[in-house]
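Asker: Here is my input, please return the structure:
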Amino acid sequence: MKLDGVSALVTGAASGLGAATVEALLPGGARVTALDVAGRQRFAGRDDVLELECDVTSADAVEQAFLRAVEAFGAPRILVNCAGVSGTGRVVGPDGAPLSMERFERVVRVNLFGTFNTIRMAAHHLTTVDPLPSGERGVVVNTSSVAAFDGMSGGAGYSASKGGVAAMSLPLARELGPLGIRVVDIAPGLFLKIGRAHV
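Answerer: Below you'll find the model as predicted:
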């Protein structure tokens, strides 16, 4: 897909992989809606970036973010899901206490539910636009993790959430492919983010 003039939406866009993705899209001429729960204005002053504070686990917040993206740049033909949180903790802590369900649920809600939340809205808006000359309407890029397949001790929740992202990407590709929407999944390993290693 040619990027020039294309509307894109990136989650987790204020730092790390999300910010790097925005920076990679802009030189090609894409116009990017950058979502992040932190609400940081990393790309302030650019007329080709719309930065919005958005919690990807909120259906209402994501719906409103897509409406603003459509109003600013048109329906996003590119969605890159980078929003995520790491860690969960050991099932049984050093003090013998069980892991709280709130910690497990938070990781799954952000990483898995949040990814699906943006996909459903992207697919909805993409079905309202005409295909490009190639026949393609758009593409969704999901961020899984090597931890989906080779998780570490104490990271059951993170691995479960990223495993869910990987597992749903293929059926979504099969469902949305006939509509001209590609769905792909990447599974990064360790990389540096603000001086710390993440997966």
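
Asker: Spatially central, which residue of this structure would that be?
Answerer: The residue lying closest to the centre of the chain (C-alpha atoms, centre = their mean) is N81, at 1.4 Å.

Asker: give the contact list for it.
Answerer: In this structure, N81 makes contact with T11, G12, G114, T115, T118, I119, V140, V141, N142, T143, V165, judged by C-beta atoms under 8 Å, 6 or more residues apart in numbering. For the C-beta atoms, the positions are set from N, CA and C on the backbone; glycine is no exception.

Asker: And G154, by the same measure?
Answerer: G87, T88, G89, R90.

Asker: Of those residues, which is the most crowded?
Answerer: Tallying neighbours with other C-beta atoms under 10 Å puts T88 at the head of those, with 22 neighbours.

Asker: Could you find the closest non-adjacent residue to that residue?
Answerer: Spatial nearest neighbour of T88, excluding adjacent residues (C-beta to C-beta, 6 or more residues apart in numbering): G157 at 3.1 Å.

Asker: Same check on V92?
Answerer: Among residues not flanking V92 along the chain, P98 sits closest, at 6.2 Å (C-beta to C-beta, 6+ apart).

Asker: Isn't that neighbour up against V91?
Answerer: Yes: between P98 and V91 there is a contact under C-beta atoms under 8 Å: 6.8 Å.

Asker: what about the helices in the chain?
Answerer: All helices of the chain, identified by DSSP state H, fall at 16-25, 59-73, 101-108, 114-126, 156-176.

Asker: Weed out the non-buried ones from the contacts of N81.
Answerer: Buried members of the contacts of N81, counted by 16 or more other C-beta atoms under 10 Å: T11, G12, G114, T115, T118, I119, V140, V141, N142, T143, V165.
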